[in-house]
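**Student:** With the sequence up front, the predicted model follows.
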Amino acid sequence: MTVSTDMPIRFIKGVGERRSEQFARLGVNTAGDLLRFFPRGYEDWSAVMSIQEALYHEACCIKGTALSKPVEYRVRKGLTLYKFSVSDGSAIMKVTLFNNKYAAAKIRAGEEYLFFGQVGGDFTHREMSSPMIEPAGDGQRIRPIYRQTEGLNTRFIETTVARCLEMLDAELDNDPLPLSIRQDYELCTRRFALSNIHFPVDSKALAIARKRMVFEELFILQLGLLRLKSRSRSSNTAIITKDNTIDFLSLLPFSLTRAQSRTLSECIKDMQGKHPMNRLVQGDVGSGKTAVAAGTAFTVIKNGFQAALMAPTEILAEQHFKSLTTLLEKGGICVGLLTGSQPVAEKRKTLEALASGNIDLLIGTHAILSDGVEFNRLGLVVTDEQHRFGVAQRAKLAAKGSNPHLLVMSATPIPRTLALIIYGDLDISVLDELPPGRLPVKTYAVGSDKRERAFYYVKKHIDQGRQAYIVCPLVENGEESDLASATEYAEILSQGLFKGYSLGLLHGRVKPSEKDRVMSSFVKNEISILVSTTVIEVGVDVPNAVIMVIENAERFGLAQLHQLRGRIGRGRYKSTCILISDAQNEEAVRRLKVLCSTNDGFKIADEDLKLRGPGDFFGNRQHGLPDLKIADLLGGDMPLFKAAQDAARELLAVDPFLKQPQHHALAQEINCLFEQVGEQGLN
Ligand code: ADP
Ligand code: MG
């Protein structure tokens, strides 16, 4: 039987339906996924310490003989201890197992075992609690530690990986890295790398294996990004000849900030050039990205093309639709809306108008990406809040017209070095200036004992005509209970302190028509308090809302809190954000402190990175890049990144479409990494 990396994981011995569901929770569905499920760390069972010399409270491996069978002590219901002593000739160590009948049953007097754990005790005796135990024979090596999930522990994963490596033995020689690249960059084979990344022979082999896997990952990523970038070398089919900025400015109720004008003219200049525009606009929340998008769209449309604006949520799409209709209609532009939840008839009308060219600017959610959406002469695609969209979607959108201009807007501030990598295929403009007259949002973190005071504060401002957001507590077990809790929470508020005030409720499950009603009432100030889950997170713009109360603030990440807070401080009134949290844990406290101390999104992003580490940063897909599973760009893999980049450039110079047979495996890997990008193929 030939076994391939696509093989579903349930075909591996010991993995049934249930286990494969558990593996799926870890993102592992196929044998190939499992081989790429790299250990998050290692335990060194190879360096055995003597009981006498072992350092207190440091994890180590002891090799010793059990002096007796474990003795069982029932301490109370639910707590049974198993105790036995171990000797390695240097000293005796007492071992205690808690409730682990299974492990205890395997211990035989007179047999030799490896014990991995921390040695405790004092001058008189040495002990180890709940060590991991293996028969002395085969366990004396560096062992992988995997990320676990309920029901699936690292040992089981280890066994499964070992079986998987055996089953895929023949496949291991199918090396995606061409020999010449392996030689030039001194990289080991795939076979060596995969077996040693999971089961290192020694620490040197591990380093060699890791280097190769990191290189491979970054190399494939680079190839994918370079392919996206090659798009920008194609010719400009939507050339802008007229600069209509002056007409656009006359429509605006304000004058642009310097940063906005600079960015807008950068966009226009791009679009006048030989190649289509590929530009990222990075600007903190409230920096006025929408106006830049509107100006760019206006110009494109006045030059005879259509434009599309894609937003990550329906609320945001609808809001853009309303505000841009108001703004651009006066300029003779017809704006259309397309979202997933529109009635079919309405959708059909929009699609017809779009195809016939009657709609100049289409605003929508990812529904815009669907196959039935045909433009008449699409010249520009704008994606708002890019961090919600992947590189893949970007590519798909770009494929809609004949290479339309691309404008990507993001409020997620990314440190410069990382931005260059992640958006390597884009030019970058930064909106580093807020519209004039903005007052920084004052932020306070308080315990729940101050909740009532916070609510009185809200009340005071509402009585003065302002509005407020209250972000309700998060419930972790799924949407269903989220809904219940949001509803219940709003109920409590409206019966209590806010009796007689008009409250609106918004959460992920509110019907679109209802959402629309609530949102537009809030915009019109018919609703004073918007109680909401995080659906208001991105983009929503109501300048009269000046207070935000966030319950369970510790449950949110820094970046998310910053985004939420960005909903206020958008007008001429002083705004206040109150974070309610009883969290004691150090990291949570620090996070809230950071938020209280600055409004600067870039500073917050840096802190976020420090607190969470780059692994997490790359792991949570904020930036829409494929997951990096092993490379750690902030932790020292930057030189390898550069090497991988060089290698990718060299390879594409020789074989731009990876058509040569020795590059097939590589092309496949790229398709795999950029899943949907692959739909367009690699050529
Ligand atoms: P974001 O960058 O977060 O998307 P928006 O585009 O929603 O920001 O703009 C935030 C608010 O600032 C909006 O109410 C918008 O009308 C206003 N605004 C944008 N640019 C200016 C400007 N140059 N002068 C005054 N107000 C502006
Ligand atoms: Mg916005």
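**Tutor:** Nice, thanks for sending it over. Owing to the predicted nature of the structure, the values given are computational and were not obtained by experimental measurement. Ligands and ions are numbered 1, 2, ... in the order given.
**Student:** Assumed residue 454 was part of a strand.
**Tutor:** No - counting by DSSP: H, G, I helix; E, B strand; the rest coil, residue 454 falls outside a strand, being helix.
**Student:** isn't it right up against residue 581?
**Tutor:** No - if you go by Cβ atoms under 8 Å, residue 454 and residue 581 don't touch, sitting 11.7 Å apart. Where you see a C-beta, it was placed from the backbone N, CA and C, and this is true even at glycine.
**Student:** how's this protein carved up into domains?
**Tutor:** Under the assignment automatic domain parsing, the domains of the chain span 47-140, 175-232+647-656+666-683, 245-431, 442-598.
**Student:** Just read off the phi/psi values of residue 468.
**Tutor:** In terms of degrees, to the nearest 10, the main-chain angles of residue 468 are phi -140, psi 150.
**Student:** Number the chain from 57, please
**Tutor:** That works, and once the first residue is 57, the last one we named lands at residue 524.
**Student:** isn't it right next to residue 516, touching?
**Tutor:** No - assessed by Cβ under 8 Å, residue 524 is found out of contact with residue 516, at 10.4 Å.
**Student:** the more surrounded of these two?
**Tutor:** A count of neighbours by other Cβ atoms under 10 Å puts residue 524 above the other of residue 524 and residue 516, at 27 against 11.
**Student:** still on that earlier bit, what touches both of residue 510 and residue 637?
**Tutor:** Counting by Cβ atoms under 8 Å, 6 or more residues apart in numbering, the contacts common to residue 510 and residue 637 are residue 502.
**Student:** Next up, the contacts around the closest residue to residue 636 other than its chain neighbours.
**Tutor:** Leaving aside its sequence neighbours, residue 636 sits nearest to residue 607 (Cβ to Cβ, 6 or more residues apart in numbering; 5.2 Å). Residue 607 is in contact with 526-529, 545, 636, counting by Cβ under 8 Å, 6+ apart.
**Student:** Tell me how far residue 607 lies from residue 625.
**Tutor:** Relative to residue 625, residue 607 is positioned 20 Å away (criterion: Cβ to Cβ, to the nearest Å).
**Student:** Please apply the same query to residue 606.
**Tutor:** Going from residue 606 to residue 625 by Cβ to Cβ gives 14 Å.
**Student:** and this structure, which residues reach ligand 1?
**Tutor:** 310, 312-313, 316, 339, 341-347, 467, 491, 595, 597, 599, 626 (Cβ under 6 Å from any ligand atom).
**Student:** from these, which ones fall inside helices?
**Tutor:** If you go by DSSP state H, the residues of the chain next to ligand 1 have 316, 345-347 in helices.
**Student:** how about those, which pair is most distant?
**Tutor:** The span of those, defined through Cβ to Cβ, is set by 316 and 346 at 10.0 Å.
**Student:** higher neighbour count, the two?
**Tutor:** Shown here are residue 316 and residue 346; by other Cβ under 10 Å, residue 316 has more neighbours (24 against 19).
**Student:** ok, and the closest non-adjacent residue to residue 99?
**Tutor:** Looking at residue 99 with Cβ to Cβ, 6+ apart, the closest residue is residue 199, at 4.9 Å.
**Student:** residues contacting residue 387?
**Tutor:** Contacts of residue 387 by Cβ under 8 Å, 6+ apart are 303-304, 307, 354.
**Student:** need the contact list for the residue in the stretch 607-739 of the chain positioned nearest to ligand 1.
**Tutor:** Of all residues in the stretch 607-739 of the chain, residue 626 sits closest to ligand 1, at 4.9 Å by Cβ to the nearest ligand atom. Neighbouring residues of residue 626 by Cβ under 8 Å, 6+ apart: 342, 494, 597-599, 601.
**Student:** Show me which of those residues are buried.
**Tutor:** Neighbour-count burial (16 or more other Cβ atoms under 10 Å) applied to the contacts of residue 626 gives 342, 494, 597-598, 601.
**Student:** ok so, going back, out of the ones in helices among the residues of the chain next to ligand 1, who's nearest residue 225?
**Tutor:** Distance to residue 225, by Cβ to Cβ, is smallest for residue 345 among these, at 52.5 Å.
**Student:** before we move on, the earlier item: got the domains of the chain as TSV, with mean pLDDT columns?
**Tutor:** Below are these laid out as TSV (pLDDT from 0 to 100):
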stretch	mean pLDDT
domain 103-196	91
domain 231-288+703-712+722-739	83
domain 301-487	87
domain 498-654	86
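**Student:** could you redo those domains as CSV and give each row distance to residue 69?
**Tutor:** Shown next, in CSV, are the domains of the chain (distance: least, Cβ to Cβ, whole Å):
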stretch, distance to residue 69
domain 103-196, 18
domain 231-288+703-712+722-739, 17
domain 301-487, 34
domain 498-654, 33
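**Student:** which residue ranges form the strands in the stretch 257-406 of the chain?
**Tutor:** 334-339, 362-366, 391-394 (DSSP state E, counting those that start in this stretch).
**Student:** okay, the ones you listed, which one's buried deepest?
**Tutor:** Of these, the one with the most neighbours on average (mean count of other Cβ atoms under 10 Å) is strand 362-366, at a mean of 27.
**Student:** list the helices and strands it packs on?
**Tutor:** Other helices and strands packing on strand 362-366, by 3 or more Cβ pairs under 8 Å, 6 or more residues apart in numbering; DSSP states H and E, are helix 345-358, helix 370-385, strand 417-420, strand 434-439.
**Student:** Tell me how far the closest residue to residue 598 other than its chain neighbours lies from residue 624.
**Tutor:** Of all residues not flanking residue 598 in the chain, residue 579 sits nearest, at 5.7 Å (Cβ to Cβ, 6+ apart). As for residue 579, its distance to residue 624 is 14 Å (criterion: Cβ to Cβ).
**Student:** Equivalent analysis for residue 113, please.
**Tutor:** As judged by Cβ to Cβ, residue 113 and residue 624 stand 48 Å apart.
**Student:** quick one, which of those two is more surrounded?
**Tutor:** Per other Cβ under 10 Å, whichever of residue 113 and residue 624 has more neighbours is residue 624, with 27 against 9.
**Student:** My understanding was that residue 196 contacts residue 101; is that so?
**Tutor:** Yes - at 5.8 Å, residue 196 counts as touching residue 101 under the criterion of Cβ under 8 Å.
**Student:** Comparing these two, which shows the higher neighbour count?
**Tutor:** Comparing residue 196 with residue 101 by neighbour count (other Cβ under 10 Å), the higher total belongs to residue 101, at 19 against 15.
**Student:** Can you read off the backbone torsions of the more buried one?
**Tutor:** Torsion angles, degrees, to the nearest 10, at residue 101: phi -90, psi 0.
**Student:** same deal with residue 99?
**Tutor:** For residue 99, the backbone dihedrals (degrees, to the nearest 10) come out as phi -110, psi 130.
**Student:** Now for it: which residues touch it?
**Tutor:** By Cβ under 8 Å, 6+ apart, residue 99 lies in contact with 115, 117, 172, 188, 198-199, 201.
**Student:** can you redo those as TSV with secondary structure and neighbour count?
**Tutor:** Listed next are the contacts of residue 99 as TSV, based on DSSP: H, G, I helix; E, B strand; the rest coil; neighbours: other Cβ atoms under 10 Å:
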residue	secondary structure	neighbour count
115	strand	14
117	strand	23
172	strand	19
188	strand	17
198	strand	19
199	strand	24
201	strand	14
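**Student:** so how many other residues sit close to the residue of the stretch 357-506 of the chain at minimum distance from ligand 1?
**Tutor:** Nearest to ligand 1, among the residues of the stretch 357-506 of the chain, is residue 491, at 3.4 Å (Cβ to the nearest ligand atom). Residue 491 has 17 neighbours, counted by other Cβ under 10 Å.
**Student:** Also residue 159?
**Tutor:** The number of residues packed near residue 159 is 17, by other Cβ under 10 Å.
**Student:** looking at this, it is in a helix?
**Tutor:** Yes - when three-state DSSP is applied, residue 159 is found to be in a helix.
**Student:** Surely it touches residue 153?
**Tutor:** Yes - Residue 159 is within contact range of residue 153, at 5.6 Å (criterion: Cβ under 8 Å).
**Student:** Show me the buried ones among the contacts of residue 626 that map onto strands.
**Tutor:** Of the buried ones among the contacts of residue 626, the ones assigned to strands by DSSP state E are residue 601.
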